[in-house]
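**Q** No letters, just coordinates:
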């Protein structure tokens, strides 16, 4: 009587070909979906503040105030609406061809980010290079 199986016993094998195929597909997917270029980049030079800094706006400057509702006030004159072209026309009318003046943007804390960016964009498109964001120091600081 023969108790041993008739076929020879083979060692189990792990087929890694399908694993390699899956890994190559994943590598290709990540290579295609990853962006290696920075689409937008903003270069910032952050201001430094000291306790002895003069908080007054220079006499010859352009001041753009943005209210809580998003309305623009240019050098003390409120604009009829808060559109980009109205802001641009008001700046051109008040300043003329002088592009060397510093621009101070004072925005209410509850003003929208878009209103501030619009004011900065209009000033930059008009050729102003000294654009400042004005802030206040909290009373308990």
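**A** Thanks, I have the structure now. Because the structure is a prediction, the values reported are computed rather than measured.
**Q** Quick one: name whatever helix or strand follows the host helix or strand of residue 29.
**A** Here residue 29, judged by DSSP states H and E, is contained in helix 17-33. Along the chain past helix 17-33, the next helix or strand (assigned with DSSP H and E) turns out to be strand 62-66.
**Q** just how off-centre is that following strand within its chain?
**A** Remark: strand 62-66 is offset 21 Å from the chain centroid, using C-alpha atoms, centre = their mean, to the nearest Å.
**Q** 445 is where my numbering starts, stick with that
**A** Okay, residue one is now 445; in that scheme the one you just asked about reads as strand 506-510.
**Q** Could you pull up the mean pLDDT of whatever helix or strand comes next after that strand?
**A** The element immediately downstream of strand 506-510 (helix or strand, assigned by DSSP H and E) is strand 516-518. Taken as a whole, strand 516-518 has an average pLDDT of 91.
**Q** Contacts for strand 516-518, please.
**A** With contact meaning C-beta atoms under 8 Å, 6 or more residues apart in numbering, strand 516-518 is reached by 506-511, 522-523, 526, 530-531, 534-535, 538, 559, 563. For glycine as for every other residue, the C-beta is placed from the backbone atoms N, C-alpha and C.
**Q** Quick check: buried residues in that strand?
**A** By neighbour count on 16 or more other C-beta atoms under 10 Å, the buried set for strand 516-518 is 516, 518.
**Q** Ok, stretch 507-521 next?
**A** Under the neighbour-count criterion of 16+ other C-beta under 10 Å, stretch 507-521 has 507, 508, 509, 510, 511, 514, 515, 516, 518 buried.
**Q** That'll do, ta.
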